[in-house]
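**Student:** with the sequence up front, the predicted model follows.
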Amino acid sequence: MRIIIGGAGEVGRGVASALRHEGRDIVLIDNDLDAINESQSIDCLVISGSVLSRRTLVKAGITDAEIVIMCTKSDELNLLSCAFAKRVFSEENKSSNRRIRTVARISDRKLLDPEYGAGPLPKWSKADHIVCAGEEIVSRLASGLVAPAFEEALPVHEGAYILVAEAGEGSPLIGSTVKEIRDTFSSLPPIVAVQTNGHAAKLDVLDQEIVLNDRVAFAITSLDQFRVVSSALGIPLDPIPENPRTLVFGATAFGSEVASHYLSEGADVVVIEPDLDLANQLVGSKVGSSKRLDVIHGDPQDEELLKEIDIEGFDVAIASMDDDNRNIAMAMQASDKGIPRSGLLLKDMALIEAVKRIGLTRPVSQRQITITSILRAIHFGDLGDFSVPTSLNDIVIVLFHIVEEHPFVDSTVENASNRLKGTMPLIFREGEEGVQSIITTADTMIVQGDTVAMILKQEHLSCR
C-alpha cells in the first residue's frame, strides 16, 4: 500500500515512521528544506515540492496510492489539498474504478463547531477523515494525573486502563518471573508487557524476570486496582480527590477544553490568562457560563495573585499556554508551590523526556497524540480503534468490535492472539448490569457483540 504524506514536519515524520514499521510504502512531500533534511533518516521517498502541484503528486506516485494524508501547518491547505489530491487521482486513473482515501489534520477545533464552521467538514471538504486531536489530548492528560506516580495510565475502554510504571526498590516483584508472580500474587492484575533498559517492549513475558527499573505494564479493569499495582511495584499512591480543585494556566483552545473536562467531572476550576481577549472569549463561551469556573485576567507568575487564589490549596494544575517554555515554567512553579499533580501540554516531542527528567509529573505531547489520531483514522475502518502508549516502545493497543462476520467470532483468546502475534488481556461484554470487563484466559471464548482489547507489536498491524 502506497501512502502519500503532505507535510514533513514533526507530525508528518512521526506518521511516516510509524507506517514504515508496518511495512507500508511511504512518500513524504514538503517544500521546506529543513523538514526535508530532517526526513532523511526515515526509510521512505522524500520529495521537495508543493502538495498543490499535480507534477509533485504524480512524481509521488499518486496513481498507485491508496491513502493521502495532509498534515502541513495550515488547516486550510490540508483541507484544500485533500480535494486537489482526489481530483488528480481521478484524472490520472480514468480507466480505473479505484478510489483514494484522504485524511486532513486540523488544529483549529472551531472548524468542527457548527456555530463557527460550515457544518460537518467531511461533507464538503473532500477529506474522508478529519483529525483534530484536542479531545484526546485533554483526556490523555487528565487520565495521567489520576495517579501521577505511574509513568502512564492509558484509558482503554469502559473504565479499563493500561498502567505502566517502573519496578522500584523494594518491589516484591523483582527477581521473579511473570509466571511466578501470577502464581504468587493472585489479586494482581495481569502483566501484559515488560520493557528493559529502553529496549523494545516484550509481550511474551511469562518467563521474563523482573529486574530493578523495568517498565511493567498491567491491564486493570477498575480504579480500585491502582493501589494493588502501586504496592506491587513499590511506588507511592496518592489518589486524586473525587472533585479536584483545578488550576489552569492559559485560556487557549486547549485551556478551555481542559477547563470544560474538569467542570464536567464536578470540579471547581480557576483559569489564569494574561491576554484579556482570550480571557473574555472564555468567559463568553458555553464553558464560561459555569458557576464553578473563575476566569482571572492576570500574570500566572504574579506572586501576589497566586497567593490571593491560595495556590497551595489546588489539587491539580495544568499549563496549557501556546509557548512550550512558558508551560514548563508554569508547571515547575505549580510543583514548587506544593500542588501534587502538575501537567502540561507541549508541542515539541523532543522536550517530553527532558521534562520527565526534571520531575514534572505529566507532560503530554500534542503532536504525538495527533500522530496516533492520524494512524487511527487510517486503520479505523477495519480495526475498530487503537491507541499508542508513549512509555512503551513499538507497542499498540487495538480494540476490535466483534460483529457477526468478524474472524474472531467463536474463537478462543489463544487462537485469536496467535493469529495476530499479540496478547488479548481484556474483553468487554454487555451483561444484565451493563458492560462487564473480563480478564481473559487462554480458553476464554470470543462471542459476537464483544469488544476485545489486543496488544500488538507495531509492525504486526499489517498482519490483520
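**Tutor:** It's in.
**Student:** okay, CA-based contacts and neighbour counts for the rest of this
**Tutor:** Will do.
**Student:** give the contact list for Ile210.
**Tutor:** By Cα atoms under 8 Å, 6 or more residues apart in numbering, the contact list for Ile210 reads Ala167, Leu173, Ile174, Gly175, Ser176, Thr177, Val178, Val194.
**Student:** okay, and which of those map to strands?
**Tutor:** When DSSP state E is applied, those are split such that Val194 fall in strands.
**Student:** out of the contacts of Ile210, which are buried?
**Tutor:** For the contacts of Ile210, a neighbour count by 16 or more other Cα atoms under 10 Å gives the buried set as Ala167, Leu173, Ile174, Ser176, Thr177, Val178, Val194.
**Student:** return the member of the residues you listed nearest to Arg87.
**Tutor:** Proximity of the buried ones among the contacts of Ile210 to Arg87, judged by Cα to Cα, is greatest for Val194, which lies at 46.9 Å.
**Student:** partners of the top strand by length along the chain, with directions?
**Tutor:** As far as residue count goes, and with DSSP E defining each element, the longest strand of the chain is strand 423-431. Sheet pairing of strand 423-431 (DSSP bridges) gives strand 434-439 (antiparallel), strand 451-457 (antiparallel).
**Student:** now tell me what touches the first one from outside.
**Tutor:** Residues lying outside strand 434-439 but in contact with it, judged by Cα under 8 Å, 6+ apart, are Glu158, Ala160, Pro190, Thr221, Pro425, Leu426, Ile427, Phe428, Arg429, Glu430.
**Student:** C-alpha coordinates for that strand, CSV please?
**Tutor:** The C-alpha atoms that make up strand 434-439 are tabulated as CSV, following Å, rounded to 0.1, in the frame of the first residue of the first chain:
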residue,chain,number,x,y,z
GLY,A,434,-24.1,-3.1,31.7
VAL,A,435,-20.8,-3.6,30.1
GLN,A,436,-18.5,-6.0,32.1
SER,A,437,-14.7,-6.0,31.8
ILE,A,438,-13.4,-9.6,31.7
ILE,A,439,-9.8,-10.5,32.4
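**Student:** what sits against the nearest residue to Thr56 once chain neighbours are set aside?
**Tutor:** Counting by Cα to Cα, 6 or more residues apart in numbering, the nearest residue to Thr56 once its immediate chain neighbours are dropped is Gly49, at 5.8 Å. Contact partners of Gly49, counting by Cα under 8 Å, 6+ apart, are Ile29, Asp30, Asn31, Thr56.
**Student:** ok, now how distant is Gly49 from Val103?
**Tutor:** To Val103, Gly49 is 19 Å away according to Cα to Cα, to the nearest Å.
**Student:** buried set for the host helix or strand of Val88?
**Tutor:** Following DSSP states H and E, the helix or strand that holds Val88 is helix 75-92. Counting neighbours by 16+ other Cα under 10 Å, one finds that the buried residues in helix 75-92 are 75, 77-86, 88-90.
**Student:** so which pair among those residues is furthest apart in space?
**Tutor:** Asp75 and Ser90 (23.3 Å).
**Student:** neighbours of Thr246, how many?
**Tutor:** The number of residues packed around Thr246, counting by other Cα atoms under 10 Å, is 25.
**Student:** phi, psi of it?
**Tutor:** Summarising the backbone geometry of Thr246 under the convention degrees, to the nearest 10, its torsions are phi -120, psi 130.
**Student:** ok, now which ones touch Ile352?
**Tutor:** In this structure, Ile352 makes contact with Leu346, Pro363, Val364, Ser365, judged by Cα under 8 Å, 6+ apart.
**Student:** now, of the residues you listed, which are buried?
**Tutor:** Burial by neighbour count, 16+ other Cα under 10 Å: within these this picks out Leu346, Pro363, Val364, Ser365.
**Student:** please report how far Pro407 lies from Glu459.
**Tutor:** Relative to Glu459, Pro407 is positioned 20 Å away (criterion: Cα to Cα).
**Student:** what about these two, which has more around it?
**Tutor:** Taking Pro407 and Glu459 together and counting by other Cα under 10 Å, Glu459 has the greater number of neighbours (17 against 10).
**Student:** Validate this expectation: that one resides in a strand.
**Tutor:** No: in this structure, Glu459 is helix, not part of a strand, as judged by DSSP: H, G, I helix; E, B strand; the rest coil.
**Student:** pretty sure it contacts Arg24?
**Tutor:** No: Glu459 sits out of contact with Arg24 when judged by Cα atoms under 8 Å, with a separation of 9.8 Å.
**Student:** packing partners for the helix or strand of the chain with the lowest mean pLDDT?
**Tutor:** Taking mean pLDDT, DSSP states H and E as the measure, the helix or strand of the chain with the lowest value is helix 121-125, at a mean of 73. Taking 3 or more Cα pairs under 8 Å, 6 or more residues apart in numbering; DSSP states H and E as contact, the helices and strands that helix 121-125 lies on are helix 75-92, strand 129-131.
**Student:** next helix or strand past the first one?
**Tutor:** If I follow you right, that is helix 75-92. Using DSSP H and E, the next helix or strand after helix 75-92 towards the C-terminus is strand 101-105.
**Student:** what's the answer for the last one, then?
**Tutor:** Using DSSP H and E, the helix or strand that directly follows strand 129-131 along the chain is helix 134-144.
**Student:** contacts for stretch 240-249?
**Tutor:** The contact list for stretch 240-249, computed with Cα under 8 Å, 6+ apart, reads 145-147, 255, 258-259, 262, 265-273, 300, 313-321, 330.
**Student:** what residue ranges in this structure score low on pLDDT?
**Tutor:** The chain contains residues with pLDDT under 70 at 114-120, 122, 358-361, 380-384, 461-464.
**Student:** from the centre of it, point out the most distant residue.
**Tutor:** Seen from the C-alpha centroid of the chain, the residue lying at the greatest distance (Cα atoms, centre = their mean) is Ser95, 40.3 Å away.
**Student:** gap between it and Ser342?
**Tutor:** Between Ser95 and Ser342 the distance, using Cα to Cα, works out to 58 Å.
**Student:** next: Ile67.
**Tutor:** Using Cα to Cα, one gets 39 Å for the distance from Ile67 to Ser342.
**Student:** so for these two, which sits in the more crowded spot?
**Tutor:** Neighbour comparison, Ile67 and Ser342: the larger count goes to Ser342, with 26 against 22 (by other Cα under 10 Å).
**Student:** dump the residue contacts of the residue lying closest to the more buried one once chain neighbours are set aside.
**Tutor:** In space, Ser342 comes closest to Ala317 once its chain neighbours are excluded; the distance is 4.8 Å by Cα to Cα, 6+ apart. With Cα under 8 Å, 6+ apart as the criterion, the residues that contact Ala317 are Thr246, Leu247, Val248, Phe249, Ala331, Ala334, Ile339, Arg341, Ser342, Gly343.
**Student:** direction included, what does the host helix or strand of Ala317 pair against?
**Tutor:** Taking DSSP H and E as the criterion, the element that holds Ala317 is strand 316-319. In the sheet, strand 316-319 lines up against strand 246-249 (parallel), strand 341-346 (parallel) (DSSP bridges).
**Student:** can I get these in a markdown table including distance to Asp128?
**Tutor:** What follows is these, written out as a markdown table (distance: least, Cα to Cα, whole Å):
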| stretch | distance to Asp128 |
| --- | --- |
| strand 246-249 | 34 |
| strand 341-346 | 28 |
